[in-house]
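Peer 1: predicted coordinates and the sequence they were generated for:
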Number of protein chains: 8
Amino acid sequence: MELTVYLSGEIHTDWRQQIKEGCKAHNLSIEFTSAVTDHAASDAAGDLLGAEEKNFWRDHKSAKVNAIRTKTLIESCDVAVVRFGDKYKQWNAAFDAGYCAALGTPYITLHDEDIIHPLKEVDAAALAWATTPEQVVEMLNYVVSKA
Amino acid sequence: MELTVYLSGEIHTDWRQQIKEGCKAHNLSIEFTSAVTDHAASDAAGDLLGAEEKNFWRDHKSAKVNAIRTKTLIESCDVAVVRFGDKYKQWNAAFDAGYCAALGTPYITLHDEDIIHPLKEVDAAALAWATTPEQVVEMLNYVVSKA
Amino acid sequence: MELTVYLSGEIHTDWRQQIKEGCKAHNLSIEFTSAVTDHAASDAAGDLLGAEEKNFWRDHKSAKVNAIRTKTLIESCDVAVVRFGDKYKQWNAAFDAGYCAALGTPYITLHDEDIIHPLKEVDAAALAWATTPEQVVEMLNYVVSKA
Amino acid sequence: MELTVYLSGEIHTDWRQQIKEGCKAHNLSIEFTSAVTDHAASDAAGDLLGAEEKNFWRDHKSAKVNAIRTKTLIESCDVAVVRFGDKYKQWNAAFDAGYCAALGTPYITLHDEDIIHPLKEVDAAALAWATTPEQVVEMLNYVVSKA
Amino acid sequence: MELTVYLSGEIHTDWRQQIKEGCKAHNLSIEFTSAVTDHAASDAAGDLLGAEEKNFWRDHKSAKVNAIRTKTLIESCDVAVVRFGDKYKQWNAAFDAGYCAALGTPYITLHDEDIIHPLKEVDAAALAWATTPEQVVEMLNYVVSKA
Amino acid sequence: MELTVYLSGEIHTDWRQQIKEGCKAHNLSIEFTSAVTDHAASDAAGDLLGAEEKNFWRDHKSAKVNAIRTKTLIESCDVAVVRFGDKYKQWNAAFDAGYCAALGTPYITLHDEDIIHPLKEVDAAALAWATTPEQVVEMLNYVVSKA
Amino acid sequence: MELTVYLSGEIHTDWRQQIKEGCKAHNLSIEFTSAVTDHAASDAAGDLLGAEEKNFWRDHKSAKVNAIRTKTLIESCDVAVVRFGDKYKQWNAAFDAGYCAALGTPYITLHDEDIIHPLKEVDAAALAWATTPEQVVEMLNYVVSKA
Amino acid sequence: MELTVYLSGEIHTDWRQQIKEGCKAHNLSIEFTSAVTDHAASDAAGDLLGAEEKNFWRDHKSAKVNAIRTKTLIESCDVAVVRFGDKYKQWNAAFDAGYCAALGTPYITLHDEDIIHPLKEVDAAALAWATTPEQVVEMLNYVVSKA
């Protein structure tokens, strides 16, 4: 069984890398996709279309250029993993989870126990809640390899 | 023109009331819907199905009972207004925005200027960003009444 | 808030009646729908189209005539309650639950604790599991009346 | 013509194996998929996410982890074969059939004649009812090879 | 239970009238819709947009003007009854049946026994085959009134 | 038969008024909807959300506020009439036609003969081409009243 | 550009062969699909599931077994060619056309001029009407090869 | 990341070529598709089906033959680039943009600053506005290559 897995959310730790390497170690047929995770590049994605004086429009343009990528990848993934860290607002991660929920795309949340209350709606629509990248790897291994 | 408008997000200020009263003052044919906004009742929504020892499952059950209401209302609204305040994580608001985006339901964000950066993806898929309930009222008045 | 609630499953106890009366006592704006629950009439639904010698075709014709009703009602309900009793196969109830799951229609399961294991897939896609009609009434009351 | 065929239901006899081997003997271009059919592993699928004291939540977690696999495979199959044996409740099989029906995915039921009455709704929405794996093989051979 | 029933097909006998009157006699809450059944008017539906010399284009324009009506009505009906008589090609009736099948809208065929072979594909996707308008009335009565 | 008809396109002649009055004269049960047709108000629709220095962003904001209305109305109409006049670019009219085409919503084009070549793609997906508001009225009268 | 083209309808002349050979002569990247065109085999498709005494049920079973193939192929084709000959009812061809129309799948009709009137609804929803297989080949050549 | 990009609109300058070559220089995995851009061939696409005396029907037939190609390609692309030049009506480009908008397919507009006002609705539903082919290339490079 092959899967395309979209990795959404936090970009300040190496959770994506851990999941990819863990799955590689199991030889799983999984293609991983994600938004551009280079923070500075992502914020500047719209700059090539001309400078903006207002922060709102700069962000707006960049977010939309990024959406060309993320919308395409989210709509074509089989499963998403949505990671919430302990810093920043991460509303884009919750937004992606809502997007998956409306599409009926299964997603897994990945976050610590101390934020289960604010994430209850996001978790309620998820198919699993993991606390470590290892658990995600184990789960994907089970989903893809077991017969 | 009649509209059904879903009011999503922050429950600690009276923004919902302001929008409803403002629209009423204009005699607009708008039906407003929203999640249960009584915080304690919302958190306890699943308790009637039996107590849970773990916080995760109590939240899980309550979030799902609430989803019976919110999923139904969001999927049947014409427009959503999604409010982000200056406190709390409000991931459910971002989740609702993502849900609307995937359904193609127009939504308006309502938040202050100081959080435009973390909300850039949410704003990028919105049809308008307002900073005050009055602006939302004016906009709805324009949308519904003007011919 | 108004709801249309489809009541699916077991037809040998008065659980439908209890839910209807409980909701009526709360003055809830809920319209209840269901399959034809007169067992003999339901089994004979296709007889008006001519007799069949083979049981398979008699059942087939009746099941399809009944589907004219159930398919229409399930596709137009907001929420379904799916009841599993302690007798009979009740595969039609599980079928309705799967149908709702694929449509994204929220449903509540209603069954005793001793059958949670065989119903785990059906419960996993449900938004709530209740053990008594009273709990269903309380939940619907919360969903519809609370603001 | 190539097909992806999802094999749903009973896991205590070798009907899946018979169908696969029969189709292989005909050199059919069919990819077979199914849920994890190792009963113990399937029941324990959620254990890697932490232990649960209540049976309901253990089942719930496992059923959802399994759903990451089954939902993906059912939604991407061309045809499903749904097998009902003479033991167990097998509500998950009926659930899968309902899911296929709502998606418009053709499915074939595979069961003995003595359970045609409780399966009448499930059979009514099926494109064929077979009583032996050999019949399923013959049918798939006809569907795929004949021109 | 209320239904909207689209009556498609043959326009040279009074089967529509019989069904409507039969349902009226039972006081059923059914709204009946259909294409324009005045043959001459239907063929001339496009003439108001200017004359055409070629028969193909005259038919084309009329068929499209008629489609403004039929497409709207078929897509909003709950159930269709598709009647095949013993004269004419009636490809539009089979076209309507295929349209309903793709939409998942239940339909009933109404035709004599001597044309079951050429109608086998159309009947295979139908939920019932009736041979008389009375049977259709009885069935609708059962579907709508029985509880 | 009742219809909701969206009137899209040119705002500098009184074609909307002519169609409405013509249909009123026939007592047709048609609800007409349209974008805000007050040109200055439409261009300024976003101004209530704050001024913009760049024309692009002023237009952008206004176009989106207008889209809250037009998207809702187009998605809920049964039929659209799309008018192309002899002045201005009217790309929004062609955009609306493409939107209807993708949704499968029937639409009628209304334009003079001298622009049939540039409108060939738009006309090819339309169900009728009219050259005068009177023809549109006649057609709607036929569609709605004839039985 | 690659295309999958479904060839529907008449099975008594070699029009399928002519189209396939014509496209092969042009080296077009087109995969052709169709129902089982061996008439006797098609009528007997359900016999492997057991004999039926009534013609209706024999036809019914065979038509559904065939639908496992045709439904899958029609829903995955890019374009359909629907052929109407001068014999037989060919309601299945009109049914396929209606099915394509509802799915939004482009189709081409292929028939002589003397049956344009009974086919007017089917032609009205088609993207082209051809009278010879050669025209279909030319059209496909244009569609696929031209840049 | 691989993309299929549909290039819609103006056919009188070499913007398509510039984008293709720019992307090729970056070794991007992008497949480009478009309508037939040979103007004369496109206008004559329907001629192979027989001559027409009226311009409207000649255009109609050609536009529909072209739609067999464009509808298929637009519905299967990931992203569209819609180019508006300074000449001609280009209603087909705006039509394509509306079609993408209704499907939820991301698109980029490519046009000069002097036509931002008439294109405001088209731009409002776009994910980016570029003024040069180089900007489109840079954007696609960012979307596809950055990680």
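Peer 2: All right, it came through fine.

Peer 1: and the contacts of stretch A:137-147?
Peer 2: A:1-3, A:5, A:18-19, A:22-23, A:26, A:28-30, A:79, A:108, A:128, A:130, D:34, D:36-38, D:41, D:45, D:48-49, D:65, D:68-69 (CB atoms under 8 Å, 6 or more residues apart in numbering or on different chains). The way it works is simple: take the backbone N, C-alpha and C, and place the C-beta from them, glycine included.

Peer 1: buried ones in that stretch?
Peer 2: Using 16 or more other CB atoms under 10 Å in any protein chain shown as the test for burial, stretch A:137-147 gives A:137-144, A:146.

Peer 1: swap in stretch A:79-97?
Peer 2: A:79-85, A:89-97.

Peer 1: pick out the most distant pair among those.
Peer 2: Comparing all pairs in the buried residues of stretch A:79-97 by CB to CB, the longest separation belongs to A:V79 and A:K89, at 24.4 Å.

Peer 1: can I assume A:N55 is in contact with B:I115?
Peer 2: No - taking contacts as CB atoms under 8 Å, A:N55 lies outside contact range of B:I115: 11.2 Å.

Peer 1: of these two, which one has the most company?
Peer 2: B:I115 (18 against 12; other CB atoms under 10 Å in any protein chain shown).

Peer 1: which residue sits closest to the more buried one, ignoring its sequence neighbours?
Peer 2: Distances taken as CB to CB, 6 or more residues apart in numbering or on different chains place B:F84 nearest to B:I115, at 6.2 Å, with adjacent residues excluded.

Peer 1: any idea how far the one you found is from G:W91?
Peer 2: 57 Å (CB to CB, to the nearest Å).

Peer 1: repeat that for A:I30.
Peer 2: Counting by CB to CB - A:I30 and G:W91 are separated by 47 Å.

Peer 1: helices or strands up against the helix or strand where A:E31 lies?
Peer 2: Counting by DSSP states H and E, the element that carries A:E31 is strand A:30-34. Contacts defined by 3 or more CB pairs under 8 Å, 6 or more residues apart in numbering or on different chains; DSSP states H and E place strand A:30-34 against strand A:3-9, helix A:15-25.

Peer 1: any idea how far the last one is from the chain center?
Peer 2: The reference is to helix A:15-25. The chain centre lies 14 Å from the centre of helix A:15-25; the measure is CA atoms, centre = their mean, to the nearest Å.

Peer 1: now do the residue of chain A found nearest chain B against H:I116, distance only.
Peer 2: Among the residues of chain A, A:G98 lies closest to chain B, at 2.8 Å counting by CB to the nearest CB. Here the criterion is CB to CB. By it, A:G98 lies 32 Å from H:I116.

Peer 1: more crowded one of these two?
Peer 2: A:G98 (30 against 21).

Peer 1: could you verify that that one is part of a helix?
Peer 2: Yes - under DSSP: H, G, I helix; E, B strand; the rest coil, A:G98 sits within a helix.

Peer 1: quick check: closest non-adjacent residue to it.
Peer 2: A:G98's closest residue in space is B:G98 (CB to CB, 6+ apart), at 2.8 Å.

Peer 1: likewise A:A128?
Peer 2: A:I108 (4.6 Å).

Peer 1: within the sheet, what are the partner strands of the host helix or strand of that neighbour, with directions?
Peer 2: Assigned by DSSP H and E, A:I108 belongs to strand A:107-110. According to DSSP bridges, strand A:107-110 forms sheet pairs with strand A:79-83 (parallel), strand A:128-130 (parallel).

Peer 1: is the next helix or strand after that strand in proximity to chain B?
Peer 2: Next in sequence after strand A:107-110, counting helices and strands by DSSP H and E, comes helix A:120-124. Yes - residues of helix A:120-124 contacting chain B under CB under 8 Å from any CB of the partner chain: A:120-124.

Peer 1: burial of the closest residue to A:Y88 other than its chain neighbours, as a residue count?
Peer 2: Once flanking residues are discounted, A:Y88 sits nearest to B:P118: 6.7 Å by CB to CB, 6+ apart. Using other CB under 10 Å, B:P118 has 18 other residues around it.

Peer 1: wait, what's in contact with B:P118?
Peer 2: B:P118 neighbours (CB under 8 Å, 6+ apart): A:88-92.

Peer 1: just checking, which of those residues belong to helices?
Peer 2: A:91-92 (DSSP state H).

Peer 1: same list (the contacts of B:P118) but as a markdown table, adding distance to C:T13.
Peer 2: Output for those, formatted as a markdown table (distance: CB to CB, whole Å):
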| residue | distance to C:T13 |
| --- | --- |
| A:Y88 | 53 |
| A:K89 | 50 |
| A:Q90 | 48 |
| A:W91 | 47 |
| A:N92 | 49 |
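
Peer 1: host element of the residue in chain A that chain F sits nearest to?
Peer 2: Residue of chain A nearest chain F, by CB to the nearest CB: A:W57 (5.9 Å). Using DSSP H and E, A:W57 maps to helix A:55-76.

Peer 1: how about that helix against chain H, any contact?
Peer 2: Yes - under the criterion of CB under 8 Å from any CB, helix A:55-76 makes contact with chain H via A:61, A:64-65, A:67-69, A:71-73, A:75.

Peer 1: contacts only, for the residue lying farthest from the centre of chain A.
Peer 2: Note on chain A: the largest C-alpha distance from the chain mean falls to A:E53, namely 30.1 Å (CA atoms, centre = their mean). A:E53 sits next to F:E53 when contact means CB under 8 Å, 6+ apart.
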